[in-house]
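J.: Model the structure of this input:
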Amino acid sequence: MTDDIRALTARLADEPASLAFLELAEALRRRGQLEAAYKVARGGVSRYPGLADAHDLMARVLSDQGDLAGAFDAWSSALQLDPMRTSALKGIAFLYFRAGDRDAALTHLERALDVDPDDPAIPQAISRLAAAPSPAPAPAPAEVAAPEPPPAPRVRGPFEEMDGGEHGILLVDANGLRLRGRLAGEHGDAAGDRVAAQLAGVSREAARATRLLGLGTWHSIAVESPDAHLVLAHPTADTVLLAARDPSLPMGRVTLLAERAARAARAWLEAEG
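T.: Below you'll find the model as predicted:
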């Protein structure tokens, strides 16, 4: 372990809420310690879901690990938080090129150039991309539930994924009534309704516990079990959202999925009035 990594690790241990995770995960990534970098970045995203830097960092780690779908999700989240983030625009351009969509890749690079015309690397990348042969599109992983960054390809959104995939997503009101989504499994919607009825109580207990502990309003609750990874989110004051996935999917990915679904839920509730 190098001195800088050792010092950053000690600092993060002393101050878990500090932003030292950004430097530590990047240092680990550059040294090729990707699993350690992923764990640090995942913790940072969980603590700071509204920080574009955290999602950008997660995307770089996932890209290095070969999880291109996860990297796309993370860079999309970074762009939603900071539409002028050139690193995310360049990262998504790279992923589009890998997928065989040269036009979308060029569009994102041109957007990055508009944001930062003084970056000499961007016009160089545009020139190389325009001259390079398009690669064969990579097969899409099964677990893609990308949001729609501006602009984004047509991919399955969180609410569409509520109707498929492992386990599922539930949106529940304060009385435990299922508003949207379902849980996959042998019991189908009946199981979803029973779980929905329990979630209202869980939300109230979480709010009570955080109030008694002086922690303010709760944002999310993550649960790892042998059967599933679960993340409970709070899209609005009157609703609760549960994202459940197979335990083979990293908890960081489930957390990102829950965050995207919560944003989609807020938009849907606003549209419904």
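
J.: Got the domain ranges for the chain?
T.: What the record gives for the chain is the domain set 3-131, 158-272, from automatic domain parsing.

J.: In terms of mean pLDDT, which of these ranks lowest?
T.: For the domains of the chain, mean pLDDT drops lowest on domain 158-272, to a mean of 74.

J.: I'd like the distance from that domain to the chain centre, please.
T.: Here domain 158-272 is found 15 Å from its chain centre; the criterion is C-alpha atoms, centre = their mean, to the nearest Å.

J.: Just give me the neighbour total for residue 121.
T.: By the measure other C-beta atoms under 10 Å, the count of residues near residue 121 is 13. (Each C-beta comes from the backbone N, C-alpha and C, glycine too.)

J.: can you pull out the helices in the stretch 1-150 of the chain?
T.: Taking DSSP state H, counting those that start in this stretch as the criterion, the stretch 1-150 of the chain carries its helices at 3-14, 20-30, 34-47, 52-65, 68-81, 86-98, 102-115, 121-131.

J.: okay, the angle between the strand or helix carrying residue 271 and helix 68-81?
T.: Counting by DSSP states H and E, the secondary-structure element that holds residue 271 is helix 251-272. Orientation of helix 251-272 against helix 68-81 (axes from the mean of the first three to the mean of the last three C-alpha atoms, to 10 degrees) gives an angle of 50 degrees.

J.: Tell me which other helices or strands helix 251-272 touches.
T.: Using 3 or more C-beta pairs under 8 Å, 6 or more residues apart in numbering; DSSP states H and E as the contact test, the elements touching helix 251-272 are helix 34-47, helix 68-81, helix 158-161, strand 168-173, strand 220-224, strand 229-233, strand 239-245.

J.: need the ones you listed in CSV with mean neighbour count and distance to residue 255, can you?
T.: Converted to CSV, the helices and strands packed on helix 251-272 look like this (neighbours: other C-beta atoms under 10 Å; distance: least, C-beta to C-beta, whole Å):
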stretch, mean neighbour count, distance to residue 255
helix 34-47, 20, 6
helix 68-81, 24, 11
helix 158-161, 19, 13
strand 168-173, 25, 13
strand 220-224, 15, 6
strand 229-233, 23, 5
strand 239-245, 26, 8
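
J.: I'd like those laid out as a markdown table, including distance to residue 21.
T.: As requested, these are arranged in a markdown table below (distance: least, C-beta to C-beta, whole Å):
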| stretch | distance to residue 21 |
| --- | --- |
| helix 34-47 | 4 |
| helix 68-81 | 15 |
| helix 158-161 | 26 |
| strand 168-173 | 27 |
| strand 220-224 | 17 |
| strand 229-233 | 19 |
| strand 239-245 | 23 |
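
J.: Pull the number of nearby residues for residue 84.
T.: When counting by other C-beta under 10 Å, one arrives at 13 neighbours for residue 84.

J.: what do you get for residue 5?
T.: With neighbours defined by other C-beta under 10 Å, the count for residue 5 comes to 17.

J.: which residues touch it?
T.: With contacts defined as C-beta atoms under 8 Å, 6 or more residues apart in numbering, the neighbours of residue 5 are 24, 27-28, 31.

J.: Using a markdown table, lay out those together with distance to residue 77.
T.: Rendered in a markdown table, the data for the contacts of residue 5 read as follows (distance: C-beta to C-beta, whole Å):
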| residue | distance to residue 77 |
| --- | --- |
| 24 | 20 |
| 27 | 22 |
| 28 | 21 |
| 31 | 25 |
